[in-house]
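Novice: Fold the following and give me the result.
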Amino acid sequence: MNKGYAWILLAGTAWGSIGVFARRLLDLGLSPLDVSWLRGVVSLLGLVPLVLCRQGGWPRLAREDLKLFAAFGLINGALYNILYFTAVDKAGVTTAVILLYTAPAFATLFARLAFAEPLSPGKAFAVALSLAGCFLVARGYNLTALRLNLAGALAGLGAGVTYGLYGIFGKKARARYPAETTVLYCTLFGTLFLTLLHRPLALAQHAHGPAFWGPALSLGLWGSLVPWVAYTTGLGLVEVGRAAVVASVEPVVGVILGLVLLGERLDLLQTAGMALVLAAVVFAQAPAPSRPAGSKVLAEK
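Specialist: Residues are numbered from 1 along each chain as shown. Prediction:
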């Protein structure tokens, strides 16, 4: 397996825990904005010492890259989190996951426009398998589990779009900076934007006991720091569209965690969905067809 895909698989595996941790925090009375801000702050508590140790000091950005990272942080450090946790809160985990995993389709489209990544039949098939598999894994066929409302649906779809954009920003940033620096500045700018919208002192009434700190630390470190660094590392080695498909193992891991930690049951269609997602992961790693020698010259013009 290409090392890049191994990093992406690690990211998807870690992201699979987000629903469990976020749901516990929301059930304590935190708002989606609270959870988004908390996720960023806890991630920074782990990122800053990691970066300082690995780079021997605070990494500097070139002045011309400030706008890139400010936009990166606004869209993926702030807006994505708000939209996803709003979707979980208003539409439920099932609907939120289904809408979030429109991301491989958006990522493939954006990568085609931004980087001229080829849209091969194999890649298109992998995206279709991923969408179908995530729908089944999240039990989208179970109408009683779906909570369809306009606010939740728009938030979930927006989360899919912003998640799809991460690959574009991440790929551009990785061309000039290490993965941990890229994630650090995305998270830093995102948390600054969230702080403008949020009153940190509002969390004081919740910030006590293992019921709060357990999921808060887990969400920020295992559910954020680890996967964002791993995913951004992988983006330096594989195409954006393929990375988004491989990361769709996230809902599969979420279902497995539900089985192990919450005693949930797995039905036949969910099992079929897991098989489709894993098949999509395999297809996404298939080598892209070689292009005629002249095509590269034309593309560069």
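Novice: my guess is residue 82 contacts residue 36, does it?
Specialist: Yes: with contact defined as CB atoms under 8 Å, residue 82 reaches residue 36; the gap is 5.1 Å. Glycine gets a C-beta too; all of them are placed from N, C-alpha and C.
Novice: where do the contact lists of those two overlap?
Specialist: residue 194 (CB atoms under 8 Å, 6 or more residues apart in numbering).
Novice: In terms of packing, which of the two has more residues around it?
Specialist: residue 36 (28 against 24; other CB atoms under 10 Å).
Novice: Where does the more buried one fall, secondary structure wise?
Specialist: helix 32-55 (DSSP states H and E).
Novice: and that helix, how far out from the chain's middle?
Specialist: Taking CA atoms, centre = their mean, to the nearest Å, one finds helix 32-55 lying 15 Å from the centre of the chain it belongs to.
Novice: Which other helices and strands does it contact?
Specialist: helix 18-27, helix 80-100, helix 179-197, helix 210-220, helix 226-235 (3 or more CB pairs under 8 Å, 6 or more residues apart in numbering; DSSP states H and E).
Novice: Need those helices in TSV (columns: mean pLDDT and distance to residue 142).
Specialist: Formatted as TSV, those follow (pLDDT from 0 to 100; distance: least, CB to CB, whole Å):
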stretch	mean pLDDT	distance to residue 142
helix 18-27	85	16
helix 80-100	85	7
helix 179-197	94	33
helix 210-220	93	26
helix 226-235	94	27
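Novice: and the closest residue to residue 176 other than its chain neighbours, which of the three is it?
Specialist: Distances taken as CB to CB, 6 or more residues apart in numbering place residue 65 nearest to residue 176, at 6.9 Å, with adjacent residues excluded. Under DSSP: H, G, I helix; E, B strand; the rest coil, the three-state class of residue 65 is helix.
Novice: and the helix holding residue 36 with helix 210-220, angle?
Specialist: With axes from the mean of the first three to the mean of the last three CA atoms, to 10 degrees as the basis, helix 32-55 and helix 210-220 are set at 60 degrees to each other.
Novice: Identify each buried residue in helix 32-55, please.
Specialist: 32-44, 46-47, 51 (16 or more other CB atoms under 10 Å).
Novice: so can I have a markdown table of the helices and strands packed on helix 32-55 showing distance to residue 143?
Specialist: Putting the helices and strands packed on helix 32-55 into a markdown table (distance: least, CB to CB, whole Å) gives the following:
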| stretch | distance to residue 143 |
| --- | --- |
| helix 18-27 | 20 |
| helix 80-100 | 10 |
| helix 179-197 | 34 |
| helix 210-220 | 29 |
| helix 226-235 | 31 |
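Novice: Out of those helices, which gets nearest to residue 156?
Specialist: Closest to residue 156 of the helices and strands packed on helix 32-55 is helix 80-100 (CB to CB; 2.9 Å).
Novice: mind exporting that closest one as PDB, just the C-alpha atoms?
Specialist: Output of helix 80-100 as PDB, limited to C-alpha atoms (Å, rounded to 0.1, in the frame of the first residue of the first chain):
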ATOM      1  CA  TYR A  80     -16.800  23.100   8.700                       C
ATOM      2  CA  ASN A  81     -17.000  22.400  12.400                       C
ATOM      3  CA  ILE A  82     -20.000  24.700  13.000                       C
ATOM      4  CA  LEU A  83     -21.800  23.200  10.100                       C
ATOM      5  CA  TYR A  84     -21.100  19.500  11.000                       C
ATOM      6  CA  PHE A  85     -22.000  19.800  14.700                       C
ATOM      7  CA  THR A  86     -25.100  21.800  13.800                       C
ATOM      8  CA  ALA A  87     -26.100  19.000  11.500                       C
ATOM      9  CA  VAL A  88     -25.500  16.400  14.200                       C
ATOM     10  CA  ASP A  89     -27.500  18.600  16.700                       C
ATOM     11  CA  LYS A  90     -30.500  19.400  14.400                       C
ATOM     12  CA  ALA A  91     -30.700  16.400  12.100                       C
ATOM     13  CA  GLY A  92     -29.100  13.600  14.100                       C
ATOM     14  CA  VAL A  93     -25.900  11.600  13.400                       C
ATOM     15  CA  THR A  94     -27.400   9.500  10.700                       C
ATOM     16  CA  THR A  95     -28.500  12.400   8.500                       C
ATOM     17  CA  ALA A  96     -25.300  14.400   9.300                       C
ATOM     18  CA  VAL A  97     -23.000  11.500   8.200                       C
ATOM     19  CA  ILE A  98     -24.900  10.900   5.000                       C
ATOM     20  CA  LEU A  99     -24.700  14.500   4.000                       C
ATOM     21  CA  LEU A 100     -21.100  14.900   5.100                       C
END
